[in-house]
Structure formats: structure tokens, C-alpha cells
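Participant: Make a model of this:
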Amino acid sequence: MVVRLKPETESRLQELAATTGRVPDELLEDAMAGYLAALVQVRRMLDGRYDDVKSGRVTPVDGEEAFNRLRRKSENRRHS
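Facilitator: Numbers count the residues shown, from 1 in each chain. Okay, the predicted model is just below:
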């Protein structure tokens with residue numbers, strides 16, 4: 001597989017490789033493995049939350065209302 005990087009990204013990768021004594025391919029492999037693992041974790045969490053909403057276990061809150069609640073809570077803390 002060939003990975004094309006922007007010149008500034010490749011430069012940073014080369015610099016990190018020189019600093020750590022590892023080859024760029026290993027660093028790239030580690031970075032991608034970590035990124036993909038995190039992506040799978042987020043995907044599972046989102047799927048689970050969707051299932052919770054769809055089944056009725058969780059009631060969605062309107063985004064504006066959620067921000068209003070946070071603002072009121074913040075104001076109450078400042079005034080107490």
C-alpha cells in the first residue's frame with residue numbers, strides 16, 4: 001500500500017523517525033493502528049447510543065435545550 005502525505009506531514013514523520021530511531025513505516029503503522037482502534041471504539045459507542053434511543057431506553061434532548069440547561073447551571077454556580 002502506498003500512502004501519500006502532505007510535505008509538512010512527511011517532514012514531521014521523518015523528524016520523529018530520526019528522533020526516536022524508528023523507521024517511518026513503523027511509526028505510520030502504529031499511528032494508523034491506534035487511529036483505527038479509536039475509530040472502532042467511537043463507532044461502537046455511537047451505535048450503542050443509537051440503539052438506546054431507538055429502543056426508548058434513552059430520551060433524546062433537544063440540543064438548544066441542553067445548551068440552555070448548561071448555561072443556567074453555569075450561571076447558578078457563579079451566583080452561589
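
Participant: Any stretches of this protein with poor pLDDT?
Facilitator: Nowhere does the chain drop to pLDDT under 70.

Participant: in it, which spans are helices?
Facilitator: Taking DSSP state H to define them, one finds helices in the chain at 7-20, 24-55, 63-79.

Participant: May I see these organised as a markdown table, with distance to Met1 and mean neighbour count added?
Facilitator: Bear in mind the C-beta positions are built from the backbone N, C-alpha and C, glycine included. Shown next, in a markdown table, are these (distance: least, Cβ to Cβ, whole Å; neighbours: other Cβ atoms under 10 Å):
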| stretch | distance to Met1 | mean neighbour count |
| --- | --- | --- |
| helix 7-20 | 16 | 11 |
| helix 24-55 | 10 | 11 |
| helix 63-79 | 40 | 9 |
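
Participant: and the gap between Gly34 and Arg71?
Facilitator: 36 Å (Cβ to Cβ, to the nearest Å).

Participant: Actually, Met45.
Facilitator: Met45 is 26 Å from Arg71, where distance means Cβ to Cβ.

Participant: Repeat that for Ala37.
Facilitator: Applying Cβ to Cβ, the value for Ala37 to Arg71 is 36 Å.

Participant: Could you do Arg4 as well?
Facilitator: Arg4 is 45 Å from Arg71, by Cβ to Cβ.

Participant: Equivalent analysis for Gln41, please.
Facilitator: As judged by Cβ to Cβ, Gln41 and Arg71 stand 30 Å apart.

Participant: give the contact list for Pro60.
Facilitator: When contacts are counted by Cβ atoms under 8 Å, 6 or more residues apart in numbering, Pro60 touches Val53.

Participant: what about 10 Å?
Facilitator: Residues in contact with Pro60 (Cβ atoms under 10 Å, 6 or more residues apart in numbering) are 49, 52-53, 66.

Participant: give me phi/psi at Val2?
Facilitator: phi -110, psi 130 (degrees, to the nearest 10).
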